[in-house]
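Asks: only geometry, no sequence info:
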C-alpha cells in the first residue's frame, strides 16, 4: 500500500509540474502580448493626438469666435483674419544661427561632497555667481569663473574648495536668485538667493562679491517660511520683490520680501517677509514662473489640462490656458478636458513671447504665452513619469535645451525645424537640473553623477 501511495504521489507531482510548465509558457506568451499591446497603445495615442489636431484645425477654420459658421468669400477664403495666428511663431520660420553653448568648459566635482547636486542657478545680473543645492542639506555658492584660469589643471578644484557651503534644514530641491532691479523705499533689494528644501522650509542667503572673493550668509527672516510638505519650486518676479513658492501640499504662496533697513550688512540685516497672496489649488503645483513683465504668475497643477495664470495687478485674477489648443481659440475637437501629460518644468523665452514646457511623456512643447497656441512640439528624447524633465532656452531664443532619462546628454532642439540638432555629452548619468542664462550663452547642468558642468559657446 505504501509503495502504491508513493507512486500515486509521484504521479501527482509530475502532473503538477507539467501544469506549471504549461502555465509558465502561457505567462510568457501573455507578457509578450502585453508588451505588443503597450507599443500599439502608444502608437494609437500618437495617432489620436494627430486626429485631434486635424479635427480642431478643420473646426476652427469653419467656425468663428461666437460659434457661428464662417461665411466664405467668393475666392474660397473665410471672412475673418486671425492676425494672432499669423504673427505667433513667425520668429521660428528660419533655422537657428548655430549660436548656443556647445562645450563643457568646466566640471565642478564634489561641490556637495559625495551627494548629488539637485538644483542650480546663476546670478541673473552677470552670471558670475553659481548657486547649487544638494542632497547633503547644503546650499553652495561659488564664483565659477575661476575654473577657467588657463594653464592651471587644479583651477576647478580650487573653485570647489573656495565654495561657501550654508547648512539648510533639509535637502535643497530648488534655488532662485532675486533681481536687483527691485526698489524698496528708495533702496535696491540686495543680491539674495532663495532655497526650497525637502522639509517644506525656504531659506534665504545674502552674498557679496568683491576683490577678496565671495562672502555669503543665511539671513534672518521676520517670518518663518514653512509648508506642510516639501517645496516643489520657487521663483522671483523680474520686476518686483515678490517670491512665489509652490509646495507639494497644493499651495502657492507669494511673499513680499524687503529690507528692514536701508543698509545691507550680512551680519545685521533682517528681511521683512509678508504674505502678498495665498493660492489653494486642486493638486500639486509641479512648476511655475513669472511672465517677463512680472504682471502674471503662471502655474501648472498636476492632473489638469491647462496652465493657470494669476494676474497680480488684478488681485491675482485666475484665468486658464488650455494645453490642448492648436490654433486661435480652438481646443482639440472637443477634447479640452483630456489630460495626456503633466508639465514638469517651464521656461519663459528671452523675448517673453513664448513658454517652453517639459512634460513627462517624452514631449516638449513651445506655446504662445498669451494665446496658448502650440507653436512647436519637440520629440526625440525620453522622459516618463519617473524622470525629472527640465527645459531652457538659448540666449537668442532660437534653441531649446532639454534632458533625457536615457543618458547624461543635453538635447538641443532648433525650434524652427523642431529637430534635435545636437546632443551635448559629458555627464555619465542623467541630468537632474539645468539653468540657461538669459544674458550670456551659458548653460549649467547638474547630474546624478554628482558633477556640475558649465557649458559655453
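Replies: Sure, I can see it. Quick caveat: nothing in here was measured; it's all calculated off a predicted structure.
Asks: Hmm, residue 167 is touching residue 136, no?
Replies: No: Residue 167 is beyond contact range of residue 136, at 9.2 Å (criterion: Cβ atoms under 8 Å). Backbone N, C-alpha and C define where each C-beta goes, glycine included.
Asks: So the two - more neighbours on which side?
Replies: Neighbour totals were compared for residue 167 and residue 136, and residue 136 leads with 19 against 10 (other Cβ atoms under 10 Å).
Asks: doesn't that one fall inside a helix?
Replies: No: counting by DSSP: H, G, I helix; E, B strand; the rest coil, residue 136 is not part of a helix but coil.
Asks: who's in contact with it?
Replies: Counting by Cβ atoms under 8 Å, 6 or more residues apart in numbering, residue 136 touches 112-115, 171.
Asks: quick one: the spatially closest residue to it that is not a sequence neighbour from residue 446, how far?
Replies: Leaving aside its chain neighbours, residue 136 sits nearest to residue 115 (3.7 Å; criterion: Cβ to Cβ, 6 or more residues apart in numbering). Distance of residue 115 to residue 446, computed by Cβ to Cβ, to the nearest Å: 11 Å.
Asks: Those two: which has the busier surroundings?
Replies: Taking neighbours as other Cβ under 10 Å, residue 115 and residue 446 compare with residue 446 leading, 27 against 15.
Asks: Show me what the residue nearest to that one when sequence neighbours are not counted bridges to in the sheet.
Replies: Spatial nearest neighbour of residue 446, chain neighbours left out: residue 117 (4.0 Å); criterion: Cβ to Cβ, 6+ apart. Beta-bridge partners recorded for residue 117 (DSSP bridges): residue 134.
Asks: State the distance from residue 117 to residue 439.
Replies: Look at residue 117 and residue 439: by Cβ to Cβ, they are 23 Å apart.
Asks: Check residue 212 too.
Replies: Between residue 212 and residue 439 the computed distance is 25 Å (Cβ to Cβ).
Asks: the more surrounded of the two?
Replies: Set side by side, residue 212 and residue 439 show more neighbours around residue 439, with 12 against 7, by other Cβ under 10 Å.
Asks: Determine the number of other residues adjacent to residue 163.
Replies: If we define neighbours as other Cβ under 10 Å, then residue 163 has 21 of them.
Asks: Next, find the distance separating it from residue 420.
Replies: Distance of residue 163 to residue 420, given as Cβ to Cβ: 33 Å.
Asks: any low-confidence regions in this protein?
Replies: By pLDDT under 70, the weakly predicted segments of the chain are 1-16, 31-88, 181-188, 325-336.
Asks: Contacts only, for the most centrally placed residue in it.
Replies: With distances taken as Cα atoms, centre = their mean, the residue of the chain nearest its centroid is residue 345 (2.0 Å). By Cβ under 8 Å, 6+ apart, the residues touching residue 345 are 286-287, 357-358, 389-391.
Asks: Can you go through these and name the buried ones?
Replies: Buried by 16 or more other Cβ atoms under 10 Å: 286-287, 357-358, 389-391, out of the contacts of residue 345.
Asks: Counting only strands, which of these make the cut?
Replies: Using DSSP state E, 286-287, 357-358, 391 are the members of those that sit in strands.
Asks: nearest to residue 175, of those residues?
Replies: Ranked by distance to residue 175 (Cβ to Cβ), those are led by residue 287 at 14.4 Å.
Asks: where's that closest one relative to residue 298, distance?
Replies: Going from residue 287 to residue 298 by Cβ to Cβ gives 9 Å.
Asks: shared neighbours of the two, which are they?
Replies: Shared contacts of residue 287 and residue 298, defined by Cβ under 8 Å, 6+ apart, comprise residue 346.
Asks: So what does the residue nearest to residue 456 when sequence neighbours are not counted have for phi and psi?
Replies: Take residue 456 and drop its neighbours on the chain: the residue closest to it by Cβ to Cβ, 6+ apart is residue 105, 4.8 Å away. Backbone torsions of residue 105, given as degrees, to the nearest 10, read phi -90, psi -20.
Asks: how about the helices of the chain, start to end?
Replies: Applying DSSP state H to the chain gives helices spanning 2-62, 83-87, 155-162.
Asks: Just give me the neighbour total for the nearest residue to residue 350 once chain neighbours are set aside.
Replies: Spatial nearest neighbour of residue 350, excluding adjacent residues (Cβ to Cβ, 6+ apart): residue 397 at 4.5 Å. Residue 397 has 19 neighbouring residues, counting by other Cβ under 10 Å.
Asks: Kindly report the same for residue 456.
Replies: As a burial measure, residue 456 scores 15 neighbours (other Cβ under 10 Å).
Asks: check contacts around it.
Replies: Residue 456 neighbours (Cβ under 8 Å, 6+ apart): 101-103, 105, 441-443.
Asks: What of residue 157?
Replies: Neighbouring residues of residue 157 by Cβ under 8 Å, 6+ apart: residue 109.
Asks: you'd agree residue 406 is up against residue 383?
Replies: No: judged on Cβ under 8 Å, residue 406 makes no contact with residue 383 at a distance of 9.0 Å.
Asks: Between the two, which has more neighbouring residues?
Replies: Higher neighbour count among residue 406 and residue 383: residue 383, with 25 against 13, using other Cβ under 10 Å.
Asks: The residue lying closest to that one once chain neighbours are set aside and residue 138: what is the separation?
Replies: Nearest non-adjacent residue to residue 383, counting by Cβ to Cβ, 6+ apart: residue 389, 4.3 Å away. To residue 138, residue 389 is 25 Å away according to Cβ to Cβ.
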